[in-house]
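Starting from these lines, generate the structure:
(chains A, B, C and D)
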Protein chains: 2
Amino acid sequence: MRLLLVEDDNHVAAALSAILARHGFDVTHARNGEEALQALVPESDCFGVVLLDLGLPDQDGYEVCGKIRKRTSTPVIMVTARADVRSRIHGLNLGADDYVVKPYDTGELLARIHAVSRRTVHEDAPGSAGTVVRLGAVHIELSTRQVSVDGSVVQLTRKEFDLLALLSQRPGVVFRREQIISEVWRTSWEGTGRTLEVHVASLRSKLRMPTLIETVRGVGYRLVAPTA
Amino acid sequence: MRLLLVEDDNHVAAALSAILARHGFDVTHARNGEEALQALVPESDCFGVVLLDLGLPDQDGYEVCGKIRKRTSTPVIMVTARADVRSRIHGLNLGADDYVVKPYDTGELLARIHAVSRRTVHEDAPGSAGTVVRLGAVHIELSTRQVSVDGSVVQLTRKEFDLLALLSQRPGVVFRREQIISEVWRTSWEGTGRTLEVHVASLRSKLRMPTLIETVRGVGYRLVAPTA
DNA sequence: TCTACATCTGAGGGGAATCTGAGCATCACG
DNA sequence: CGTGATGCTCAGATTCCCCTCAGATGTAGA
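Numbers count the residues shown, from 1 in each chain, chains lettered A, B, ... in the order given. Sure thing, here's the model as predicted:
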């Protein structure tokens, strides 16, 4: 699940991000209200939950929460050092789904994140743009994990799809081998095996477009940019 | 909105009831776990939220929460004097939507009740459009929880229906296992059991359309999109 | 209480997805 | 060309994931 962390202190953010990532969250970090609101424009990818620190440098945290509420229904958990009751009530009445006071226990924060996301109807834009990537004759639907070439559906396995999805995030950009391994396999183990090559090969043959995935010797792979 | 207050101390209950009533809640009082569970039988279950005190005379409050979760999806706010982190995490992971420690501020409690019910009010709002889903020969009526295949009614159990209803929200979209567990079972327990598979199997056999629910290996399940 | 039903758990097995290793092809450089 | 380094292909071997089944546990109703 995608999570937007709004926190001005880089050290705190880094530490928390690591913990959240270890528990399966895809964390995006915003350093201030402006960045947070930009990340939440409807067209960009939707988040499952927002962790909002109220002590932001550029604008009032409460206002940010209000603005978030106006443009999305993404659940918001306020995280702040302000412990007084009045602040809590104010925050909750502004539309926050939960209010956690610093210092908090990370285990409890995780439990509350889960509790909030449990009761949220997952409504990311279905069928709208953003879930579909088009690369020449290849269509990739992230939500249904369907891939088609020239209109005909191609059956991909899990790793094959994850690999393609990763590369298609940034067509033309070279992904390093270790980077691919760590993202698709979710481990830092850099095996000596031929695993990655095998999957690339099978992807190439299934897509019937051997040139789509380009090998960059000594570095990694990339998708060829759509021929402009 | 109807609210179920589970609290063994009559004085506390009376005082709190008065406050809640003054804020527009229709309060029902249960003095122990037994009464609470009786009030929540599916027929009369039209509570918007449950306030559950964990210090009950007849049974363990956590167990009561688990039992509530097994029969309804009504949001639960735990109210208790146990302030330690372990208890909080335990409670939230059992499916509670919030956890408030005594002594609490009534204003904050009200704000939290509102925050929780905000999320759940429109969730099961029948009468709005889309209470009937059609997928080929399968008709799903969300309001009456009736499912029919080729015109003949199929009797589904609670979990079976919830599972089908979830998947039918977005035909074709792949739901991850954890997501299904968390939405249908409403806990973050991801056990090692074969529970999900068993229910999928029984759904497949009851619907007499084994291909309707497709397994996506390593990810989860999805309904096959209506063959266009 | 007893009975029927819903739900959960564990063992066993099958089959697809994935991994591994050896040999081959290709590239960059002299 | 020759050579070493790097990537590719292929065919088992293995792992992992899911399915089935049978029984245990829990729950509602007679």
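
Quick one: residues contacting the residue in chain A that DNA strand D sits nearest to.
Scanning chain A for proximity to DNA strand D using CB to the nearest atom of the strand identifies residue A:201 as nearest, at 3.1 Å. Where C-beta positions appear, they are placed from N, C-alpha and C, glycine not excepted. By CB atoms under 8 Å, 6 or more residues apart in numbering or on different chains, the contact list for residue A:201 is empty.

Now do the strand or helix carrying it: distance to the chain's middle.
Secondary structure from DSSP states H and E places residue A:201 in helix A:195-207. Centre-to-centre, helix A:195-207 and its host chain are 25 Å apart (CA atoms, centre = their mean, to the nearest Å).

Can you name the element that comes right after that helix?
strand A:213-216.

Quick one: residues in contact with that next one.
By CB under 8 Å, 6+ apart, strand A:213-216 touches A:167, A:174, A:200, A:203-204, A:207, A:221-224.

now for these, which pair is the farthest apart?
Greatest spacing in those, by CB to CB: A:174 and A:207 (18.8 Å).

more neighbours, the two?
The neighbour count for residue A:174 versus residue A:207, taken as other CB atoms under 10 Å in any protein chain shown, is higher for residue A:207 (21 against 14).

from what I can see that one touches residue A:154, true?
Yes. Residue A:207 is within contact range of residue A:154, at 6.4 Å (criterion: CB atoms under 8 Å).

Give me the common contacts of the two.
Shared contacts of residue A:207 and residue A:154, counting by CB under 8 Å, 6+ apart, come down to residue A:147.

on that earlier part again, any chance of a markdown table for the contacts of strand A:213-216, columns distance to residue B:63 and pLDDT?
Converted to a markdown table, the contacts of strand A:213-216 look like this (distance: CB to CB, whole Å; pLDDT from 0 to 100):
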| residue | distance to residue B:63 | pLDDT |
| --- | --- | --- |
| A:167 | 49 | 93 |
| A:174 | 55 | 94 |
| A:200 | 52 | 95 |
| A:203 | 50 | 95 |
| A:204 | 55 | 93 |
| A:207 | 53 | 92 |
| A:221 | 53 | 95 |
| A:222 | 55 | 93 |
| A:223 | 53 | 92 |
| A:224 | 59 | 86 |
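
which one of these sits closest to residue B:82?
For the contacts of strand A:213-216, the nearest to residue B:82 is residue A:167 (49.7 Å; CB to CB).

ok, that closest one - contacts?
Contacts of residue A:167 (CB under 8 Å, 6+ apart): A:175, A:180, A:213, A:221-223.

ditto for residue A:91
A:54, A:62, A:65, A:78, A:80, A:99.

A helix includes it, no?
Yes. Residue A:91 forms part of a helix when assessed by DSSP: H, G, I helix; E, B strand; the rest coil.

Could you look up the next helix or strand downstream of the helix or strand of chain A with the lowest mean pLDDT?
In chain A, the helix or strand scored least confidently by mean pLDDT, DSSP states H and E is strand A:132-135, which has a mean of 83. Once the chain leaves strand A:132-135, the next helix or strand it forms, by DSSP H and E, is strand A:138-141.

That following strand pairs with which strands?
strand A:132-135 (antiparallel), strand A:146-149 (antiparallel) (DSSP bridges).

Name the residues of chain A found near DNA strand D, please.
Residues of chain A lying close to DNA strand D (CB under 7 Å from any atom of the strand) are A:177, A:194, A:197-198, A:200-201, A:204, A:215, A:217-219.

Kindly indicate the member of these with the most neighbours.
residue A:200 (20 neighbours).

which ones are touching it?
Applying CB under 8 Å, 6+ apart to residue A:200 gives the contacts A:163, A:213, A:215, A:221.

Need the pLDDT of residue A:192.
At residue A:192, the model reports a pLDDT of 70.

Work out for me the element it sits within.
Applying DSSP H and E, one finds residue A:192 in no helix or strand.

Distance check, it against chain B.
Residue A:192 sits 24 Å away from chain B, going by CB to the nearest CB, to the nearest Å.

Could you do residue A:204 as well?
With CB to the nearest CB as the criterion, residue A:204 and chain B are 21 Å apart.

before we move on, what about residue A:178?
For residue A:178, the distance to chain B - CB to the nearest CB - is 22 Å.

Does that residue belong to a helix, a strand or coil?
Per three-state DSSP, residue A:178 ends up helix.

and it, how many neighbours?
Residue A:178 has 12 neighbours, counted by other CB under 10 Å.

Next, count neighbours for the closest residue to residue A:85 other than its chain neighbours.
Distances taken as CB to CB, 6 or more residues apart in numbering or on different chains place residue B:105 nearest to residue A:85, at 4.5 Å, with adjacent residues excluded. The number of residues packed near residue B:105 is 14, by other CB under 10 Å.

Residue B:105 contacts residue A:86, correct?
No. The criterion here is CB under 8 Å, and residue B:105 misses it with residue A:86 at 9.2 Å.

any common contacting residues for those two?
By CB under 8 Å, 6+ apart, no residue touches both residue B:105 and residue A:86.

Could you report the distance from residue A:205 to residue A:186?
25 Å (CB to CB, to the nearest Å).

just residue A:194 next, same as before
Residue A:194 is 19 Å from residue A:186, by CB to CB.

just the strands in chain A please.
Here chain A has its strands, by DSSP state E, at A:2-6, A:26-30, A:49-53, A:76-80, A:98-101, A:132-135, A:138-141, A:146-149, A:152-154, A:175-176, A:213-216, A:220-223.

Figure out how far the first one is from the centre of its chain.
When you say that, I think you mean strand A:2-6. How far strand A:2-6 lies from its chain's middle: 8 Å, per CA atoms, centre = their mean.

swap in the last one?
Its chain's C-alpha centre and that of strand A:220-223 lie 21 Å apart, by CA atoms, centre = their mean.

ok, it near DNA strand C or not?
No. Using CB under 7 Å from any atom of the strand, strand A:220-223 stays clear of DNA strand C, coming no nearer than 14.4 Å.

contacting residues around that strand?
A:135, A:167-168, A:171-177, A:179-180, A:200, A:212-216.

Just the buried subset of these, please.
A:135, A:167-168, A:175, A:180, A:200, A:212-213 (16 or more other CB atoms under 10 Å in any protein chain shown).
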